[in-house]
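Novice: only the shape, not the letters, is given here:
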């Protein structure tokens with residue numbers, strides 16, 4: 001294992017490994033222990049007591065973070081000409097259809113989210129092998145396939161994120177930036193955790209939230225008390 005730098009050792013020393021922190025305490029501590037020159041992302045990792053291989057225990061959903069993610073989200077709206085103006089006004093970075101489908105076929109995926117309409121989904125099917133692995137395939141469940149294109153674009157720009165449990169039973173999500181106040185980090189974290197609690201599958205038995213960790217891009221992680229969540 002690589003040797004820890006002095007800053008990393010100092011950060012580790014501030015964390016009580018035997019303590020489970022509240023969301024508010026963890027948010028304050030995380031700001032103290034993140035010593036980087038850039039505005040690091042704040043992440044939550046939540047281990048759930050579910051078996052994601054079973055369809056009735058799949059946890060996925062969307063949440064609108066009250067203070068956004070702090071990240072500039074690049075949105076592509078794949079829409080018919082009659083919807084172009086609406087998508088542009090709502091703040092989409094790229095708007096169009098066939099020319100962007102051709103660009104994606106050529107390997108271009110320089111966007112964070114794609115919003116589209118039901119009538120266009122047929123054209124996206126063949127691009128699934130490019131978009132799927134990158135998590136860019138629009139989906140009605142996450143609100144990115146809709147006739148209300150303006151709302152979908154505005155939601156994504158305003159801090160709506162989608163999440164799903166991975167094959168090891170963990171949900172990872174970026175919930176803000178270290179430059180946020182501790183209160184804003186805590187409020188975003190609570191919003192995600194509340195949403196996860198509401199999505200508990202009926203088929204999930206035993207402890208649902210097994211562990212919750214908060215960390216920033218370069219910090220050690222702080223363990224939260226799942227019971228207090």
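Specialist: Perfect, I can see it now. Computed from a prediction, not measured in an experiment: that's the story for all the values here. Numbering: from 1, shown residues only.

Novice: looking at residue 110 now. What's its pLDDT?
Specialist: pLDDT for residue 110: 94.

Novice: residue 177 versus that one, what's the distance?
Specialist: 21 Å (CB to CB, to the nearest Å). C-beta coordinates here come from the backbone N, C-alpha and C atoms, glycine included.

Novice: what's the answer for residue 46, then?
Specialist: 19 Å.

Novice: the two: who's more crowded?
Specialist: Set side by side, residue 46 and residue 177 show more neighbours around residue 46, with 26 against 20, by other CB atoms under 10 Å.

Novice: give me the phi and psi angles of the more buried one.
Specialist: With angles defined as degrees, to the nearest 10, residue 46 sits at phi -120, psi 120.

Novice: what's opposite it in the beta bridge?
Specialist: residue 171, residue 212 (DSSP bridges).

Novice: got the contact list for it?
Specialist: 170-171, 193, 196, 209, 211-213 (CB atoms under 8 Å, 6 or more residues apart in numbering).

Novice: any of those buried? List them.
Specialist: Neighbour-count burial (16 or more other CB atoms under 10 Å) applied to the contacts of residue 46 gives 171, 193, 196, 209, 212-213.

Novice: quickly name whichever of the residues you listed is closest to residue 15.
Specialist: Set against residue 15, the nearest of the buried ones among the contacts of residue 46 by CB to CB is residue 213 (11.0 Å).

Novice: what's the closest non-adjacent residue to that closest one?
Specialist: Nearest residue to residue 213 in three dimensions, chain neighbours excluded: residue 221, at 4.2 Å (CB to CB, 6 or more residues apart in numbering).

Novice: count the residues that sit near that neighbour.
Specialist: The local packing of residue 221 (other CB under 10 Å) involves 17 other residues.

Novice: list the contacts for it?
Specialist: Applying CB under 8 Å, 6+ apart, the residues contacting residue 221 are 45, 213-215.

Novice: quick revisit: next, format the contacts of residue 46 as CSV and append distance to residue 154 and pLDDT.
Specialist: Output for the contacts of residue 46, formatted as CSV (distance: CB to CB, whole Å; pLDDT from 0 to 100):
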residue, distance to residue 154, pLDDT
170, 30, 96
171, 25, 96
193, 25, 97
196, 24, 96
209, 31, 95
211, 34, 96
212, 30, 97
213, 31, 96
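
Novice: same list (those residues) but as a markdown table, adding distance to residue 36.
Specialist: What follows is the contacts of residue 46, written out as a markdown table (distance: CB to CB, whole Å):
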| residue | distance to residue 36 |
| --- | --- |
| 170 | 24 |
| 171 | 24 |
| 193 | 25 |
| 196 | 28 |
| 209 | 29 |
| 211 | 25 |
| 212 | 23 |
| 213 | 18 |
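
Novice: mind checking which helix or strand of this protein has the lowest mean pLDDT?
Specialist: helix 6-14 (a mean of 82; mean pLDDT, DSSP states H and E).

Novice: list the buried residues for that helix?
Specialist: By neighbour count with 16+ other CB under 10 Å, helix 6-14 contains the buried residues 8, 11.

Novice: what's the next secondary structure element after it?
Specialist: Beyond helix 6-14 in the direction of the C-terminus, DSSP states H and E gives the next helix or strand as helix 23-33.

Novice: can you list contacts of stretch 86-94?
Specialist: Contacts for stretch 86-94 (CB under 8 Å, 6+ apart): 74-77, 79, 95, 100, 111, 115, 149-151, 153-154, 157.

Novice: if you set the cut-off to 7 Å instead, what comes out?
Specialist: 74-77, 79, 95, 100, 111, 149-150, 153-154, 157 (CB atoms under 7 Å, 6 or more residues apart in numbering).
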